[in-house]
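# coords please:
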Amino acid sequence: MDLFQFLFSMKRSNKRLVSVLFDTTFIALAFWLALMVRVDSAEVLLQGHYWLLLATVIPISLVAFVKLGLYRAVLRYLGTQALSAIVGGVLVSTLSLVFFAYFLDAELPRTVPLIYAAFAIVMVGGSRALMRSMVGRGINRRGEPVIIYGAGVSGRQTAMALAQSHEYHPVAFVDDDESLHGTVIQGLHIHSPSIIRKLIAQKHASRVLLALPSASRARRQHILQSLEPLSVKVMTLPAMSDLVSGDKLFSDVKEVEIEDLLGRDAVEPRPDLMAADIAGKVVMVTGAGGSIGSELCRQILRQEPSKLVLFELSEYGLYAIERELQARKAELNLDVEILPLMGSVQKENRLQAVMDAFGVNTVYHAAAYKHVPLVEHNVVEGVRNNVFGTLFTARAAISAGVETFVLISTDKAVRPTNVMGTTKRMAELVLQALAETQNTTRFCMVRFGNVLGSSGSVVPLFRKQIANGGPVTVTHPEITRFFMTIPEASQLVIQAGAMGKGGDVFVLDMGQSVKIVDLARKMIRLSGFDIRDEHNPDGDIEICYSGLRPGEKLYEELLIGDDVMGTEHERIMTANETHLPWDKLHSLLGKLDLACHAFDHESIRALLLEAPTGFSPTDGICDLVWREKGIQAQSSEPLPMDKKTVVELTSA
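Here you go, the predicted model:
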């Protein structure tokens with residue numbers, strides 16, 4: 001193998017020279033072997049006219065190979081073009097042999113050209129095939145053994161791509177199609193999935209690659225469930241849409257996506273609803289740099305608004321999404337003006353100025369503090385941003401004549417046990433009340449659960465913990481959550497907004513809730529590890545329970561009551577929720593504003609309990625500043641003072 005490595009490390013021009021020398025030797029050898037096989041004697045080597053004939057044929061053959069592009073072909077990627085060049089060159093060589101034998105009176109037996117052609121093809125072509133095979137094996141031995149699940153077009157193209165890589169070495173195919181079992185494709189046998197455990201042991205495979213980019217999520221989930229007990233690392237090809245668009249290649253393997261584990265296929269968005277509030281209009285997204293906000297911007301850009309206003313407090317978040325959207329705009333050749341604007345939703349005058357200046361038609365309000373424990377520890381900022389930020393944005397929208405205002409809400413707003421969920425329900429109450437006081441702006445709210453890959457999501461946390469060897473931390477063995485992909489949630493938000501009539505509370509169909517510990521187990525096993533517990537003390541990664549965090553619920557809900565109706569979209573429902581008229585809510589908000597200004601956490605808690613939010617806290621007040629002041633007050637001892645000192649202080 002050292003010789004092969006030396007040959008393949010040479011310069012391209014030197015490789016071509018070596019190929020020419022080898023082909024010269026093969027042509028001469030094929031000629032003399034053909035003669036000796038035909039006349040059954042080595043005396044032909046002593047006849048000068050045969051040497052003259054060979055001296056004529058060799059240069060003509062080499063010129064034919066050059067003209068047909070044989071020496072331009074890369075050996076390790078040898079294909080039909082090189083094969084055609086070999087056959088064509090040998091044909092030219094054979095015809096020249098017959099032609100010059102006649103004019104040189106070389107007395108060449110009639111069958112010699114046929115024998116010569118056969119030997120030449122075997123030697124010139126076979127040597128290249130042998131070299132390609134040996135080089136391929138040398139590369140493959142350096143990669144990890146991989147079993148490819150799916151022997152269709154994607155699987156075959158993946159095998160070809162991986163065969164040239166240094167990372168993975170395809171050793172077998174597995175496919176559900178029984179008609180393929182026992183057959184061989186590209187040197188790899190196709191087996192039944194029922195023997196995959198045996199195959200993994202025999203081939204020492206470290207990974208299984210799902211080459212099923214077109215399969216439904218339900219089918220992928222079924223396959224993953226069958227692979228989960230094997231504790232082998234499972235990887236997948238990108239989605240077919242990415243392959244078709246050219247964003248990804250067949251060789252771009254990645255870890256299993258969590259949406260594949262959930263097994264629910266997204267519903268194709270309706271073009272009319274997607275474009276209704278966006279196409280040709282001025283659209284503003286608050287919190288444009290966040291998880292949901294940034295995906296909303298991507299979806300909105302595709303609908304070609306006249307202007308897209310990105311409103312974001314984080315400088316880096318705004319920079320990142322603006323740069324990404326500008327690149328996508330150029331790639332898709334869109335005529336959309338993208339406007340990056342910094343600002344806080346707590347500054348009503350800034351919001352008013354922005355909406356007036358650009359004539360905003362549609363607002364998607366995604367700006368919010370949404371991490372439950374952080375809001376528990378920063379109560380005043382949570383109330384200011386989530387409640388009053390929504391109020392200020394909504395009032396600015398009414399003043400600026402905005403047509404549609406869509407609030408991104410959360411399942412944690414239903415019977416909330418924490419401040420974050422309560423503030424989001426308060427934000428819903430604000431819009432419901434404002435919807436009844438005016439006809440300028442159409443307000444609606446869209447409520448859904450967790451999105452995969454958002455900031456604070458358990459999925460990236462679990463991936464990091466697994467990569468570090470564990471342990472994987474789950475708050476409680478019974479905790480469950482609803483999950484949805486960010487693109488699907490964003491598309492449904494846009495479509496729900498287009499269906500709103502005013503004051504609507506839309507609820508997205510999130511499917512079945514997922515037990516977080518089951519999700520952790522699946523991710524561990526499909527990463528190729530065993531779970532370490534009392535039944536398997538020699539396992540790789542342990543699952544630890546850290547306890548519920550402040551304000552955290554075991555189960556999330558999407559509806560307060562049972563009064564829910566379907567809509568024209570199968571994944572969107574409407575909920576009839578209780579709300580306050582504006583005069584009563586306005587009074588409550590005034591008291592809440594004063595309590596926040598005074599940092600009066602007891603009053604804030606009392607007002608949140610008074611509002612019709614269903615707030616049922618599971619913890620006391622967890623604000624860090626309030627707690628620290630309480631600790632300091634308890635620890636400080638009053639200094640002894642005489643009667644005169646008390647009088648002086650009182651007088652002062």
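
# how close does A496 get to L508?
Between A496 and L508 the computed distance is 7 Å (C-beta to C-beta, to the nearest Å). For every residue, glycine as well, the C-beta is placed using N, CA and C.

# so between those two, which is more surrounded?
More crowded of A496 and L508, by other C-beta atoms under 10 Å: A496, with 27 against 23.

# where does the stretch 451-600 of the chain dip in pLDDT?
Low-confidence regions of the stretch 451-600 of the chain, defined by pLDDT under 70, span residues 452-457, 510-511, 551-553, 555-564, 566.

# okay, and the common contacts of A496 and L508?
Residues touching both A496 and L508 by C-beta atoms under 8 Å, 6 or more residues apart in numbering: 446, 572.

# for this structure, name the helix or strand with the lowest mean pLDDT.
Every helix and strand in the chain was compared by mean pLDDT, DSSP states H and E; the lowest is helix 643-651, with a mean of 36.

# which SS class is L62?
Here L62 is recorded as helix under DSSP: H, G, I helix; E, B strand; the rest coil.

# buried set for the helix or strand D583 falls within?
Per DSSP states H and E, D583 falls inside helix 582-597. For helix 582-597, burial by neighbour count (16 or more other C-beta atoms under 10 Å) applies to 582, 585, 588-589, 592-593, 595-596.

# following the helix or strand hosting Y50, which helix or strand comes up?
Take DSSP H and E as the rule and Y50 turns out to sit in helix 48-67. Downstream of helix 48-67, the next assigned helix or strand under DSSP H and E is helix 80-103.

# which strands and helices lie in contact with the helix holding Y50?
If contacts are counted by 3 or more C-beta pairs under 8 Å, 6 or more residues apart in numbering; DSSP states H and E, helix 48-67 sits against helix 12-39, helix 80-103.

# okay, those in a markdown table with mean pLDDT and mean neighbour count next?
As requested, the helices and strands packed on helix 48-67 are exported to a markdown table (pLDDT from 0 to 100; neighbours: other C-beta atoms under 10 Å):
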| stretch | mean pLDDT | mean neighbour count |
| --- | --- | --- |
| helix 12-39 | 80 | 16 |
| helix 80-103 | 80 | 18 |
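
# include distance to V474 when you put these into JSON lines, please.
Shown next, in JSON lines, are these (distance: least, C-beta to C-beta, whole Å):
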{"stretch": "helix 12-39", "distance to V474": "56"}
{"stretch": "helix 80-103", "distance to V474": "54"}
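
# list the contacts of the helix holding Y50.
The contact list for helix 48-67 (C-beta under 8 Å, 6+ apart) reads 20, 23-24, 27-28, 31-32, 35, 44, 71, 85-86, 88-90, 92-93, 96-97, 100-101, 104-108.

# straight-line length of stretch 395-409, end to end?
This stretch, stretch 395-409, spans 18 Å end to end (C-alpha to C-alpha, to the nearest Å).

# V446 sits in which helix or strand?
Using DSSP H and E, the element containing V446 is strand 442-447.

# who are the packing partners of that strand?
With contacts defined as 3+ C-beta pairs under 8 Å, 6+ apart, the packing partners of strand 442-447 are strand 404-408, helix 419-437, helix 486-499, strand 504-508.

# report the distance from it to the chain centre.
The chain centre lies 28 Å from the centre of strand 442-447; the measure is C-alpha atoms, centre = their mean, to the nearest Å.

# lovely, talk soon.
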